[in-house]
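Sequence and predicted model, in that order:
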Amino acid sequence: MDINIIGGADGPTSVFLSSSNRTISIFTIIGIIVACIAVIGIIVSLAKKKKS
């Protein structure tokens, strides 16, 4: 991973993070799956509340 800081004494400073590895990490995949399960759970929960 590369970290670059761009800016000067009178200009804005930005920090850029970049990676040469283009593969998706296992943590990203797990996070997407957990988020999808949570959204589905919320939808099902709201649907059950509307019926009762």
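Yep, that arrived.

all helices for this protein, in order.
Secondary structure of the chain (DSSP state H): helices located at 26-51.

quick one: low-confidence ranges for the protein?
For the chain, applying pLDDT under 70 flags the ranges 1-24, 52.

I'd like to know how far residue 33 sits from residue 39.
Residue 33 sits 11 Å away from residue 39, going by CB to CB, to the nearest Å. Every residue, glycine included, has its C-beta placed from N, CA and C.

And residue 25, by the same measure?
Residue 25 is 21 Å from residue 39, by CB to CB.

Kindly report the same for residue 50.
Taking CB to CB, one finds residue 50 at 17 Å from residue 39.

ok, those two, which is more surrounded?
residue 39 (10 against 7; other CB atoms under 10 Å).

Return the set of buried residues in stretch 32-49.
For stretch 32-49, the neighbour count (16 or more other CB atoms under 10 Å) marks no residue as buried.

Pull the CA coordinates from it and hand them back as PDB.
Taking Å, rounded to 0.1, in the frame of the first residue of the first chain, the C-alpha atoms of stretch 32-49 are listed here in PDB:
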ATOM      1  CA  ILE A  32     -21.300  -6.900   1.800                       C
ATOM      2  CA  ILE A  33     -22.900 -10.200   2.800                       C
ATOM      3  CA  VAL A  34     -23.600  -9.000   6.300                       C
ATOM      4  CA  ALA A  35     -25.100  -5.800   5.000                       C
ATOM      5  CA  CYS A  36     -27.300  -7.700   2.600                       C
ATOM      6  CA  ILE A  37     -28.600 -10.000   5.300                       C
ATOM      7  CA  ALA A  38     -29.300  -7.000   7.600                       C
ATOM      8  CA  VAL A  39     -31.300  -5.300   4.900                       C
ATOM      9  CA  ILE A  40     -33.300  -8.500   4.100                       C
ATOM     10  CA  GLY A  41     -34.000  -8.900   7.900                       C
ATOM     11  CA  ILE A  42     -35.200  -5.300   8.200                       C
ATOM     12  CA  ILE A  43     -37.500  -5.800   5.100                       C
ATOM     13  CA  VAL A  44     -39.000  -9.000   6.500                       C
ATOM     14  CA  SER A  45     -39.400  -7.500   9.900                       C
ATOM     15  CA  LEU A  46     -41.300  -4.500   8.500                       C
ATOM     16  CA  ALA A  47     -43.500  -6.800   6.300                       C
ATOM     17  CA  LYS A  48     -44.500  -8.800   9.400                       C
ATOM     18  CA  LYS A  49     -45.400  -5.600  11.400                       C
END
